[in-house]
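Student: Got a sequence here, can you model it:
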Amino acid sequence: MLPPPSAAYKRLPGYPLAGIPELRKSLEDRGVDVIDLGAGDADLSPPPAVVEALTRAAADPANSRYAFQMGVPALRDAIAAWMGDRFDVELDPFAEVLPLIGSKEGIALLPQVFMNRGDWAVVPDPGYQAYAGGTLIAKGRVHKVPLRPEHDFLIPLDDIPADVLKRARILYLNYPNNPTAASAPRAYLEDVVAFCHANDLLLAFDNAYSEIAFDGYRPPSILELDGARDIALEFHSFSKTYNMTGWRLGWVAGAASAVAGLRKVKSFVDTGIFRAVQWAGVAALEAHGEWVPGNVATFRERRDAAVRALGEAGFDVTIPQATMYLWVPVPKGMASRDFALQAVEKEGVIVMPGGALGDGGEGFFRVALTVSSARLTEAAARLGRVREELTRTVGAAT
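Tutor: Numbers count the residues shown, from 1 in each chain. The predicted structure is shown next:
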């Protein structure tokens, strides 16, 4: 007989994307034309140079050996060079940079370095599940701060209770934000850095969407700000920028002692990233200036088409400056899960209910710009039909 699950395991919430692939397959098996706007997994290809680099590197037997945490030095050099070019941040590639098996891995393992039983992590709600999940696995406590429109979807720092701050160890932030698509003003980020200094907090800054930005907006690195290098780690991902979600490659940069701690924890969990994927990462960073603008233009076109079509379908949509998402209010009187369920059952459109990403996300649903503009326009029309029918039903009930 197996032992019972641990208390930490029992505290883990359900994963918001759990069941979606199975649901999609079930619908398609029934002949439903499914438009999946649930996961942030675009239908676009990586840069050709990335595929070519992977192919070459995979053919070299030396790249099939353990990479360990040092990995391919050329990747560390490329990351440091890119951070310097993009953000004017000078990093030691071997002390202040650590390649990751996707940024999610590092984010989830980070509490193992800094948290004792009963310590708090402050996390955005809604937010990426790895923030809370990693904390709970480390036997920490999670203080969720709702991201609401009246605060421009920023964490109001003054609202964090004093008793939480006394034992808080990590503040997770993510801007440009998933799922709300909000961006943080520089002045706010400066306040966050000062707040972390004042309260002895590690700032874990998830910057996965720094390169998917529109209309002249250039998201900053937290490491650009005065004082941030002492208290912050910044996480980056190849997944969204280069359409490499399945490749599992990212990095963390920042405070050298924190990078060293994460490296030590990782050494007990994995033996490094497949070397061929690391060489592909080098190629991706080298292709950034030439390739990324065209990819971003595709997302901008999709954003504009989806915003226009959703507006015509009766939804109130804010045009985001960045990310590959739209954060859309559900019609009044409806729960986000109910709306999403009706959307998939009646019209074959999969969206992410805000409530599945945390209680703070209730009242909204997320649209991922992961299909063509034409498919987004069709999805918006279908969602409009769902909205119309549910609005009539709610009105009749009242």
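
Student: drop to CA atoms for contacts and neighbour counts, all remaining ones
Tutor: Fine.

Student: give the contact list for Leu91.
Tutor: Leu91 sits next to Ala80, Met83, Gly84, Val97, Ala253, Gly254 when contact means CA atoms under 8 Å, 6 or more residues apart in numbering.

Student: Val164 too?
Tutor: Neighbours of Val164 in contact, by CA under 8 Å, 6+ apart: Trp120, His143.

Student: Next one: it relative to Val145, how far apart?
Tutor: 12 Å (CA to CA, to the nearest Å).

Student: Repeat that for Ala95.
Tutor: Distance from Ala95 to Val145, by CA to CA: 32 Å.

Student: go on, Gly106?
Tutor: The separation that Gly106 has from Val145, given CA to CA, amounts to 22 Å.

Student: ditto for Phe299
Tutor: 29 Å.

Student: more neighbours, those two?
Tutor: Phe299 (25 against 20; other CA atoms under 10 Å).

Student: Give me the longest helix you can find in this protein.
Tutor: helix 275-312 (DSSP state H).

Student: Which elements pack onto it?
Tutor: Applying 3 or more CA pairs under 8 Å, 6 or more residues apart in numbering; DSSP states H and E, one finds that helix 275-312 makes contact with helix 48-58, helix 73-87, strand 325-329, helix 373-397.

Student: how about a cut-off of 10 Å?
Tutor: Using 3 or more CA pairs under 10 Å, 6 or more residues apart in numbering; DSSP states H and E as the contact test, the elements touching helix 275-312 are helix 48-58, helix 73-87, strand 97-100, helix 238-241, strand 325-329, strand 364-368, helix 373-397.

Student: gap between that helix and the chain center?
Tutor: 15 Å (CA atoms, centre = their mean, to the nearest Å).

Student: for it, which positions count as buried?
Tutor: By neighbour count on 16 or more other CA atoms under 10 Å, the buried set for helix 275-312 is 275-287, 291-292, 295-296, 299-300, 302-303, 305-311.

Student: same deal with stretch 216-235?
Tutor: Residues 219-223, 228-235 are the ones in stretch 216-235 that count as buried (16+ other CA under 10 Å).

Student: What of stretch 366-383?
Tutor: Within stretch 366-383, the residues scored as buried using 16+ other CA under 10 Å are 366-373, 375-383.

Student: circling back to that earlier point, for Arg30, state which of the contacts of Leu91 is nearest.
Tutor: Ala253 (46.8 Å; CA to CA).

Student: What separation do you get for the nearest residue to that closest one once chain neighbours are set aside and Val259?
Tutor: Nearest residue to Ala253, sequence neighbours excluded (CA to CA, 6 or more residues apart in numbering): Val97, at 4.5 Å. Distance of Val97 to Val259, given as CA to CA: 7 Å.

Student: More neighbours: these two, which one.
Tutor: Higher neighbour count among Val97 and Val259: Val97, with 26 against 22, using other CA under 10 Å.

Student: quick one: contacts for that one?
Tutor: 75-77, 79-80, 91, 233-235, 251-256, 259-260, 263 (CA atoms under 10 Å, 6 or more residues apart in numbering).

Student: where exactly do the strands run in the stretch 151-300 of the chain?
Tutor: 168-174, 202-206, 232-237, 250-254 (DSSP state E, counting those that start in this stretch).

Student: now the last one against helix 73-87, angle please.
Tutor: It refers to strand 250-254. 60 degrees (axes from the mean of the first three to the mean of the last three CA atoms, to 10 degrees).

Student: tell me what strand 250-254 is packed against?
Tutor: Using 3+ CA pairs under 10 Å, 6+ apart: strand 250-254 touches helix 73-87, strand 97-100, helix 103-109, strand 202-206, helix 228-231, strand 232-237, helix 238-241, helix 256-267.

Student: if I pick the closest residue in space to Asn177 that isn't next to it in sequence, what's in contact with it?
Tutor: Leaving aside its sequence neighbours, Asn177 sits nearest to Ser183 (CA to CA, 6+ apart; 6.4 Å). By CA under 10 Å, 6+ apart, the residues touching Ser183 are 152-154, 174-177, 210, 213, 217, 219, 320-323.

Student: do Gly311 as well
Tutor: Ala305, Val317, Thr318, Ala380, Ala381, Gly384.

Student: Next, count neighbours for the third one.
Tutor: Under the neighbour criterion other CA under 10 Å, Thr318 is assigned a count of 15.

Student: any idea whether it is helix, strand or coil?
Tutor: Using DSSP: H, G, I helix; E, B strand; the rest coil, the structure places Thr318 in coil.
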